[in-house]
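1. Okay, predicted coordinates and the sequence, questions at the end:
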Amino acid sequence: MVFVKRVYEPLASGDGERYLVERLWPRGITKEALMITAWIKEAAPSTELRRWFGHEPSKWNEFRQRYFSELDRKPEVIRPLLEAATRGNITLLYSARDTEHNSAIALAEYLSKRLAQRSD
């Protein structure tokens, strides 16, 4: 199962492997406090896409389509996340204030669809 959580939320026993999926390290958080398995910067949207989106909900659907296209072009980045998710729960960590329209939410959707395709 793929979960999504803000970096400021506490660790939970059901988190499984935890991955920071932001291009920039979140403010005010130490590496020790975050307790992550890995920081996968390359799984984040490109700088250009992130700037274009600007966390504007009206651009959400288009952002997801563009982001998914970016992810399709870098399977080597996504592979470790997919493999971890087949072993157990994973949690994608993000720092955005918007808890409904952010790249980690989109990435979780992308991974869940890929995992469902593998099991078909």
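-> Cool, the structure landed.
2. now the residue nearest the centre of the chain, nearest residue through space, not along the chain?
-> When CA atoms, centre = their mean is applied to the chain, the residue found nearest the centroid is A104 (3.2 Å). On the basis of CB to CB, 6 or more residues apart in numbering, the spatially nearest residue to A104 that is not a chain neighbour turns out to be Y94, at 3.6 Å. The way it works is simple: take the backbone N, C-alpha and C, and place the C-beta from them, glycine included.
3. got the contact list for that neighbour?
-> When the contact criterion is CB atoms under 8 Å, 6 or more residues apart in numbering, the partners of Y94 are 4-7, 20-22, 102-105.
4. one more time with 6 Å, if that's ok
-> 22, 102, 104 (CB atoms under 6 Å, 6 or more residues apart in numbering).
5. I'd like these laid out as CSV, including secondary structure.
-> Written out in CSV, the entries for the contacts of Y94 read as follows (DSSP: H, G, I helix; E, B strand; the rest coil):
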residue, secondary structure
E22, coil
N102, coil
A104, helix
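6. pLDDT and distance to S13 added to these, as JSON lines?
-> Formatted as JSON lines, the entries for those read as follows, by pLDDT from 0 to 100; distance: CB to CB, whole Å:
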{"residue": "E22", "pLDDT": "95", "distance to S13": "23"}
{"residue": "N102", "pLDDT": "96", "distance to S13": "24"}
{"residue": "A104", "pLDDT": "97", "distance to S13": "20"}
